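>>> After the sequence you'll find the predicted model.
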Amino acid sequence: MTRRSLSLVLAATVSLVAAPASAQQAPTVQTAPQPGAYSLQVNSQIVVLDVVVNNKKGDTISNLTRDDFKVYENKVPQTILSFEPAIKPAAATAAPLPINSTAELDRKEPDAPVSIIVLDEVTTKFEDEAFARYSLKKYLNGQGDTLRQPTMLLAVNFRNIMVLRDYTTSRKEILDAIDKHFAGYNWQAVNGSWKGEQINAAFSSLIGVAHATAGHPGHKNMVWVGRGFPSFRWDKLTPETQEALQNAVANCANVLRDARVTLYSIDPAGISAEPPATDEDGFYIDDPFGGQVDFDTMAQATGGQAFHGRNDVDHLIGAGVSDGETFYTLTYKPTVVSQDPKDFRHIQVLLTDRTLRATTREGYFAASAPIAPALDAKGKPSAEMTFDLEIAGAGLMVYDGIPLTITRDATTPDKFYLHMSAASLAWQPTASGDKEQSQLTVTSGAFDRKGKSLARKGAIITVQLPFPPAGVTTDTRSLTVPVTVASAPPAARLRFVVRSNSNGKVGAENVFLVDRKTLSDPATGLKAEKPK
């Protein structure tokens, strides 16, 4: 190919140092109960499906029972083990709880369905970005002051996943965040030589958001307003590129599935009568949905939809959000069990009333690929861990795969303590068998008011805890890891990331040393507010 290599792993800039368990301060064992982590992986041989049902007019149907559904895996009938009916938001009697952050969401409504709205600034043209923002505001202005679902607003570009507003139920907060975010002219979106970077940025954003929100067990509807990544044809790609992309699509679909994310893709370009044009490498120049592989593939694989060729983008945003509010949850135990990670099990949900259509994820891989070791054969950080750390360390998004609480030492300002639940980590018995241990990668970074990196470091550590008491079914243990990072001016923001090297879960949190409103950090996507 004549373009840059389609590298799907970002280069790390953090230096990691492996440290033995004996070199670490002993973790603090606490007794405050913490909820266990939620996973849709089928290791327990239970498959969980979120199913949206529509009639021929596209209206969502919310009054069905278990007997109305039939589930097939690889065309073999399955027995439904559990069934949760859909609850249409308009029929809900209780007013939604006010939510203002990821931490509040996980504490107050850990099972609540949520919406994640993403403004795509990677491949979307400038004029289409403006229409997307107009459409989003039009949709929001048609809602009440308090949103039915906690909603997060993001914008993604080549470098950052920008948290314009963390989870909130306030319509005003989302509208204010839109008004304060100024999208610049993205010449790379219309430059054909940047297709590889566009694909890389889209995959990185999808995986990053999935990892960040994996700790919240509720269903997540990701409404992606933009073109995603450019469409292309397999027969125009080299075998090496084909394999890399196939692996990326499969990995991304698995990560979204495990985080319980359903993707809805909305192209804000509107209606175009022009025929699709391709360049010499087979990439479609303007039509984002004409190729053999496109963003439709990702949406459909997760049980979502892709909308394009329409001008009523505000209604499409509403349709995506509505599907995330009105869904049935079914579980079944597969009649055929496979441990082959390349075995894709196709799922089909049919309804007794054949005039209705059920939408759910297309299937799952029978076994997830094993987590790569933190260090490769040469003692360097593995590509998988490098990717996770680079994405999590670059922005402001709170990662709740490992929920973190951060406190500062009262006498040593540069010393911080990362508190986390033991239930979020993977544990193995020590060699002596009297305790169990877990390997973590911990990184810290300091940034000035404009987002310039001042310092960044990391270490691979092993922590140990006594076994839970016999007969205990819920892991209530907690541990504390001390981290030292220079916090004196010009440092304005600190970023801490913890990765469990055994299960790949990630936690990330920020400490703001100054008023967040005074930051002009590109990772925020916002400009500093002028003093009044």
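Great, that's in hand. Source: prediction; values computed, not measured.

>>> pretty sure Y167 belongs to a strand, no?
Yes: the assignment for Y167 (DSSP: H, G, I helix; E, B strand; the rest coil) places it in a strand.

>>> And the one helix or strand H419 maps to, what's buried?
If you go by DSSP states H and E, H419 is part of strand 415-421. Applying a neighbour-count criterion of 16 or more other Cβ atoms under 10 Å, one finds 416, 418-421 buried in strand 415-421. (C-beta placed from N, C-alpha, C; glycine too.)

>>> Note down every partner strand of that strand and its orientation.
Using DSSP bridges, strand 415-421 pairs in its sheet with strand 404-408 (antiparallel), strand 478-484 (antiparallel).

>>> circling back: compile the buried residues of strand 415-421 into CSV and extend it with columns for distance to D111 and pLDDT.
Conversion of these to CSV gives the following (distance: Cβ to Cβ, whole Å; pLDDT from 0 to 100):
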residue, distance to D111, pLDDT
F416, 31, 97
L418, 26, 97
H419, 23, 97
M420, 21, 96
S421, 17, 93
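
>>> thinking again about what came up before, so which of the strands paired with strand 415-421 is the most packed in?
Comparing the strands paired with strand 415-421 by mean neighbour count (mean count of other Cβ atoms under 10 Å), strand 478-484 ranks first with a mean of 18.

>>> pLDDT averaged over that strand, what's the number?
Averaged across strand 478-484, the pLDDT comes to 95.

>>> now swap in stretch 381-388 and tell me
On average, stretch 381-388 scores 88.

>>> Stretch 225-241 too?
The model assigns stretch 225-241 a mean pLDDT of 75.

>>> Same check on stretch 396-410?
The average pLDDT within stretch 396-410 is 95.

>>> can you give me how far that stretch is from the chain middle?
The chain centre lies 17 Å from the centre of stretch 396-410; the measure is Cα atoms, centre = their mean, to the nearest Å.

>>> same question, stretch 106-124
Worked out by Cα atoms, centre = their mean, stretch 106-124 lies 8 Å from the chain centre.

>>> Residue numbering should commence at 30 henceforth.
Got it, first residue is 30 now, which makes that one stretch 135-153.

>>> in that stretch, what's buried?
For stretch 135-153, the neighbour count (16+ other Cβ under 10 Å) marks 135, 138, 141-153 as buried.

>>> before we move on, the earlier item: could you export the strands paired with strand 444-450 as CSV, including distance to T131?
Formatted as CSV, the strands paired with strand 444-450 follow (distance: least, Cβ to Cβ, whole Å):
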stretch, distance to T131
strand 433-437, 11
strand 507-513, 19
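
>>> Out of these, which gets nearest to S234?
Closest approach to S234 among these is made by strand 433-437 (21.8 Å; Cβ to Cβ).

>>> So the residue of the chain most remote from its centre, which state does it fall into?
Note on the chain: the largest C-alpha distance from the chain mean falls to S461, namely 38.1 Å (Cα atoms, centre = their mean). Under three-state DSSP, the three-state class of S461 is coil.

>>> Would you double-check that L345 falls in a helix?
Yes: using three-state DSSP, the assignment for L345 is a helix.

>>> I'd say it and F336 touch.
Yes: L345 sits in contact with F336 when judged by Cβ atoms under 8 Å, with a separation of 4.5 Å.

>>> who touches both of these two?
Applying Cβ atoms under 8 Å, 6 or more residues apart in numbering, one finds that L345 and F336 are jointly contacted by I295.

>>> wouldn't V526 be in contact with E419 here?
No: V526 is beyond contact range of E419, at 9.7 Å (criterion: Cβ under 8 Å).

>>> more neighbours, the two?
Taking neighbours as other Cβ atoms under 10 Å, V526 and E419 compare with V526 leading, 26 against 20.

>>> List the beta-bridge partners for that one.
Beta-bridge partners for V526, by DSSP bridges, are T472, A537.

>>> can you tell me the helix or strand for E133?
According to DSSP H and E, E133 maps onto helix 131-137.

>>> Show the subsequent helix or strand relative to that helix.
Later in the chain than helix 131-137, the nearest helix or strand by DSSP H and E is strand 143-149.

>>> Give the other helices and strands that the helix or strand that comes right after that following strand contacts.
Next along the chain after strand 143-149, taking DSSP H and E as the criterion, comes helix 155-170. Judged by 3 or more Cβ pairs under 8 Å, 6 or more residues apart in numbering; DSSP states H and E, helix 155-170 is in contact with strand 143-149, helix 200-209, strand 249-254, helix 342-352.

>>> tell me the SS of the residue nearest the centre of the chain?
Nearest to the geometric centre of the chain sits A239, at 1.8 Å (Cα atoms, centre = their mean). Under the three-state scheme (three-state DSSP), A239 adopts helix.

>>> That one - nearest residue in space that isn't next to it in sequence?
For A239, ignoring the flanking residues on the chain, the nearest one in space by Cβ to Cβ, 6 or more residues apart in numbering is A288 at 4.1 Å.

>>> And the pLDDT at that neighbour?
90.

>>> What separation do you get for it and A484?
Per Cβ to Cβ, to the nearest Å, A288 is found 31 Å from A484.
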